[in-house]
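> here is a sequence with its predicted model. Questions after.
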Amino acid sequence: MDRTVRCSFVANLNRHNMDHSQLTPGSDTRSLISAFDWGATVLGARNDWPAARCCAVDLALRSHAPIALLLGSTGILVYNDAYAALIGTRHPRALGMAVADAFPEYASFCRSVIERVGWGEAVLLSDSALGTAELAAAQRCGIDISYTPIMADGNRVDGVFAVIMATTARVRAREGIASGLRQSEKMAAIGQLTGGIAHDFNNLLAGIIGNLDMLTTRLAQRDLTSAESYLAGARSAASRAAGLTQRLLAFSGRQSLMPTVIDIPGFLLDIEELLSHTVGPAIELRTRCDPAVGTAVCDHHQLENALLNLAINARDAMPDGGRLTIEACNRTLDIPGAGAAHTAGAYVVVSVMDTGCGMTEDVAARAFDPFFTTRKGGQGSGLGLSMIYGFLKQSGGHVELQSRPGMGTIVRLFIPRETATGAIDGADSATRAPQRGAEDVILVVDDEPDLRALLAEMLEGLGFSVVQAPDAAAALDVLSASGRIDLLISDIGLRGAMDGRCLVDAAHALRPGLPVLFITGLSAGSDAARVVTGPRVDLLRKPFSFSAFEDRVERLLERVE
């Protein structure tokens with residue numbers, strides 16, 4: 001059916017199911033069937049029809065439900081008023097036609113149904129959307145079609161008795177239930193995620209605030225003997241908080257990665273000693289690498305973290321000792337995996353296998369959920385496997401987990417194989433030497449006054465002159481003046497009419513080639529955080545260390561000799 005006819009079919013079907021009590025069965029099509037020249041068809045004159053066929057026609061004409069009969073080997077159409085109302089302008093032309101000719105777009109399907117029912121098989125098509133995804137989306141309509149053989153004398157199938165019923169209400173009710181379930185599951189996942197984040201951050205904040213409060217108290221007492229330990233405690237907690245945000249970003253696939261070409265055999269050789277110390281002497285560590293394995297492309301640090309996490313999990317699953325095996329091999333996937341989870345391509349597969357207690361099916365199904373852990377309270381954040389999942393997905397790979405209680409666990413890391421000739425080029429090796437002087441002036445733009453003041457103090461401690469601006473408008477006033485500015489440092493998410501990117505565009509219009517350092521707390525996957533970096537534009541993500549900040553500033557102010 002063309003789209004207009006299909007939409008009319010759906011509308012008519014729904015209207016028929018609401019208003020069927022007002023119909024007079026057989027009032028129109030009965031007359032047409034009586035007047036039709038059936039002798040000109042393969043069915044022959046109506047007076048010669050077998051009793052079973054006549055009974056089927058009479059039953060259809062008396063019914064309020066839409067019914068079509070597909071008679072004979074070619075499926076000659078005979079139908080009632082309700083069915084005629086559904087097919088719109090194809091009535092009455094379709095009466096007496098072979099169904100494949102009346103509906104050529106469904107010819108193959110109709111022939112298949114006639115053949116199946118011809119063997120005496122009843123066929124039920126449930127919740128069909130008339131074969132079109134477009135219609136299903138536009139009309140939200142479903143139908144049931146029941147195809148039953150019409151048995152003539154001698155146990156011979158004379159045709160097909162097709163009854164059509166609208167199931168739109170049932171489909172919508174089921175979709176409503178499914179939607180509600182998805183929303184409930186989504187809220188439960190959000191609750192678990194936010195609850196886990198709040199728990200971990202509250203612990204970390206308690207460490208930061210507690211150490212700073214104690215430091216404040218000791219300073220008021222002019223007691224500096226323990227100041228260093230309080231500062232170290234606060235910094236340690238803050239660093240762990242930064243690590244927690246990175247693991248969350250890893251799970252969401254929005255962390256900043258630095259992919260490089262990694263020689264997998266050499267990598268496994270280098271990390272073997274570290275893994276051995278991690279799992280301890282009670283666990284036998286074996287590493288095997290297929291000779292064909294070469295290089296893969298991913299973030300070296302994140303891959304190391306992934307194997308350490310898996311080694312720790314394996315160690316905890318084998319409290320009485322066991323064996324941990326790490327293998328590497330090449331694998332090429334020609335077709336996507338189930339659910340399109342696996343992308344076709346060439347991979348290096350690093351498998352981590354233990355002989356531990358294994359997981360139940362329920363635990364394995366939730367293993368990659370953030371903050372899900374089977375360890376007792378305080379012994380794990382539940383972010384290790386979710387971090388691995390996010391890191392690999394963001395790297396163009398994927399992860400598989402296979403586990404059974406008492407049979408151990410296998411985790412396979414699919415890492416994109418390096419196929420280019422040669423390694424990734426390193427940085428420009430041209431000789432550079434810092435030649436800055438105390439006269440260098442840096443413009444710092446941030447709408448957070450405490451952070452802006454801190455950045456200014458850091459820069460002044462390095463010997464720079466600093467000009468501060470709370471927003472883009474104030475920064476442009478500075479840049480429009482004739483004073484010297486050697487570097488612009490700006491937050492991306494500035495409040496006001498212009499964000500950091502718009503500010504830099506305007507700044508380059510005023511001062512072409514001005515070096516820029518963006519700083520941001522936005523995730524790497526955020527559209528708002530995307531900037532084009534280059535030799536004169538760099539990006540530093542919060543939180544950052546003083547040394548990382550200093551390094552970026554120095555690099556942007558370097559002059560080529």
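Nice, thanks for sending it over.
> pull the number of nearby residues for Gly322.
18 (other CB atoms under 10 Å). C-betas here are computed from N, CA, C, even on glycine.
> so what's it up against?
Ala282, Ile283, Glu284, Ala314, Asp354, Thr355, Gly356, Gly408 (CB atoms under 8 Å, 6 or more residues apart in numbering).
> how about the nearest residue to the last one once chain neighbours are set aside, what does it touch?
Nearest-residue entry for Gly408: Thr355, 4.7 Å, with adjacent residues in sequence omitted and distances by CB to CB, 6 or more residues apart in numbering. Listed by CB under 8 Å, 6+ apart, the contact partners of Thr355 are Met318, Gly322, Arg323, Leu324, Gly408.
> was I right about the first one contacting Gly358?
No. At 10.5 Å, Met318 and Gly358 do not qualify as touching, with contact defined as CB atoms under 8 Å.
> the stretch 401-550 of the chain: strands as residue ranges?
408-416, 432-433, 441-445, 465-469, 487-491, 516-520, 537-541 (DSSP state E, counting those that start in this stretch).
> most tightly packed of these?
strand 487-491 (a mean of 24; mean count of other CB atoms under 10 Å).
> so where's the stretch 51-200 of the chain uncertain?
127-142, 168-172, 175, 179-200 (pLDDT under 70).
> mind listing the strands for it?
Going by DSSP E, counting those that start in this stretch, the stretch 51-200 of the chain shows strands at 67-71, 76-79, 123-128, 143-152, 156-166.
> and these: which comes nearest Arg111?
strand 67-71 (10.2 Å; CB to CB).
> which elements pack onto the closest one?
helix 51-62, strand 76-79, helix 81-86, helix 107-118, strand 156-166 (3 or more CB pairs under 8 Å, 6 or more residues apart in numbering; DSSP states H and E).
> for the fourth one, buried residues please.
This points to helix 107-118. Cys110, Val113, Ile114, Val117, Gly118 (16 or more other CB atoms under 10 Å).
> I'd like those as JSON lines, with distance to Asn330 appended.
Output for the buried residues of helix 107-118, formatted as JSON lines (distance: CB to CB, whole Å):
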{"residue": "Cys110", "distance to Asn330": "49"}
{"residue": "Val113", "distance to Asn330": "48"}
{"residue": "Ile114", "distance to Asn330": "51"}
{"residue": "Val117", "distance to Asn330": "51"}
{"residue": "Gly118", "distance to Asn330": "52"}
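> which one of those residues is nearest Ile209?
When those are compared for distance to Ile209 (CB to CB), Val113 wins out at 72.6 Å.
> what about Met359, neighbour count?
21.
> that one is in contact with Ser403, isn't it?
Yes. Using CB under 8 Å, Met359 is in contact with Ser403, at 4.0 Å.
> mutual contacts of those two, please.
Thr409.
> returning to what we had before: of the contacts of Gly322, buried ones?
Buried among these (16+ other CB under 10 Å): Ile283, Ala314, Asp354, Thr355, Gly356, Gly408.
> ok, now how distant is the last one from Gln402?
Which is Gly408. Gly408 sits 9 Å away from Gln402, going by CB to CB, to the nearest Å.
> for the stretch 301-450 of the chain, which segments count as helices?
Using DSSP state H, counting those that start in this stretch, the helices of the stretch 301-450 of the chain run over 361-365, 384-394, 449-461.
> for Phe391, give me the pLDDT.
What the model reports as pLDDT for Phe391 is 78.
> how deep is it tucked in, by neighbour count?
Phe391 is flanked by 26 other residues according to other CB under 10 Å.
> that one and Ala306 touch, don't they?
Yes. Phe391 lies in contact with Ala306 (CB under 8 Å); the separation is 6.3 Å.
> deepest-packed of the helices of the stretch 301-450 of the chain, please.
Sorting the helices of the stretch 301-450 of the chain by mean neighbours (by mean count of other CB under 10 Å), the first place falls to helix 384-394, with a mean of 23.
> render the CA-only coordinates of it in CSV, please.
What follows is helix 384-394, C-alpha atoms only, in CSV (Å, rounded to 0.1, in the frame of the first residue of the first chain):
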residue,chain,number,x,y,z
GLY,A,384,37.2,0.1,38.4
LEU,A,385,35.4,-1.9,35.7
SER,A,386,33.2,1.0,34.7
MET,A,387,36.3,3.1,34.1
ILE,A,388,37.8,0.3,31.9
TYR,A,389,34.5,0.1,30.0
GLY,A,390,34.5,3.9,29.3
PHE,A,391,38.1,4.0,28.4
LEU,A,392,37.9,1.3,25.8
LYS,A,393,34.7,2.6,24.3
GLN,A,394,36.2,6.0,24.0
